[in-house]
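> Give me a 3D structure for the following:
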Amino acid sequence: MSARKTLKATPQRLRESIAVIIDGKDEKWYIEQLREFYSKEKITKIKISPEFPEKKSVHDLFEMAERLAGQSYSHIFLIIDLDNILKDAVETRKFQEKYKVYNTKNKGRKNKWMEKLTIIINSPCLEYWYLLHFKQTNRFYPDYDALKPDLRKSNPILKQYDKSETFYYQSPGLFRKLEPYIEVAKANALPFDILSMHQKGFSEMFKLFDYLTITKSTP
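Numbers count the residues shown, from 1 in each chain. This is a model prediction of the structure:
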């Protein structure tokens, strides 16, 4: 298992902006609420891309990351859900190739843009991060449908969880409901290990919070 790395924000970064690349509507709703919740603290400005998310290939996700890295963002976060990727041998191979380059210290001139990139892996999906707010686990789930029963049983907050904008924005909003437990989720989270991606579940959403140096006391 690879050692967990903490990406810290600096005062300079906090005056700049980052881009968070997503490929699902639930990620968009979650990051929107994160951005709104912490806006009064004047943290890094967060751009969510694309504005209208849809499932994209590994190639398309990295192409978007490279394009945004060439703009004036101080850092790029690429959130990747592995559920669909692991079901497609071609996409799995492409992901492994890209991730190997990303993990190489000397990326070469062609991939120098990756120095501004942090990849966040969720396996199978973002909802694994929600589960970690209330349960310490590394159980492998092939997809959201397999995860959903345990997610809904984990805490009353998630008892009626649904991948819908209506659920996410029910007052006070899903992010606000989960926010007091973020430190628990960070403590329960393990860094992604590509050698175990078919055997274990992961969520690296902690990387985004580490960057923003958002730390709240547990309830």
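> shaky segments in the chain?
Judged by pLDDT under 70, the chain has its weakly predicted residues at 1-16, 40-44, 213-219.
> which residue ranges form the helices in it?
Here the chain has its helices, by DSSP state H, at 11-14, 25-37, 58-69, 83-86, 89-103, 127-132, 144-154, 165-168, 174-178, 182-188, 206-212.
> for the ones you listed, which one ends up most surrounded?
Mean neighbour count (mean count of other Cβ atoms under 10 Å) peaks for helix 127-132 among the helices of the chain, with a mean of 26. C-betas here are computed from N, CA, C, even on glycine.
> packing partners for that helix?
Judged by 3 or more Cβ pairs under 8 Å, 6 or more residues apart in numbering; DSSP states H and E, the packing partners of helix 127-132 are helix 144-154, helix 182-188, strand 202-203.
> related to what we said a few turns ago, closest one to residue 200 among the helices of the chain?
helix 127-132 (10.5 Å; Cβ to Cβ).
> Next, give phi and psi for the residue lying farthest from the centre of the chain.
Within the chain, the residue lying farthest from the chain centre (Cα atoms, centre = their mean) is residue 109, at 26.8 Å. Main-chain torsions, residue 109, degrees, to the nearest 10: phi -60, psi -40.
> Residue numbering should commence at 672 henceforth.
Okay, residue one is now 672; in that scheme the one you just asked about reads as residue 780.
> Next up, the contacts around it.
Residues near residue 780 by Cβ atoms under 8 Å, 6 or more residues apart in numbering: none.
> and what of residue 856?
800, 801, 803, 804, 849, 874, 876, 877 are the contacts of residue 856 under Cβ under 8 Å, 6+ apart.
> what distance separates the start and the end of stretch 735-744?
Terminal residues of stretch 735-744 are spaced 13 Å apart (Cα to Cα, to the nearest Å).
> what's it in contact with?
Stretch 735-744 is contacted by residues 687-690, 692, 718, 720-721, 727, 747, 749, 784-785, 787-788 when judged by Cβ under 8 Å, 6+ apart.
> ditto for stretch 748-768
Under Cβ under 8 Å, 6+ apart, the answer for stretch 748-768 is 689-695, 698, 726, 728-730, 732-733, 736, 788-797, 813-815, 865, 868-869, 873, 876, 878-879, 882.
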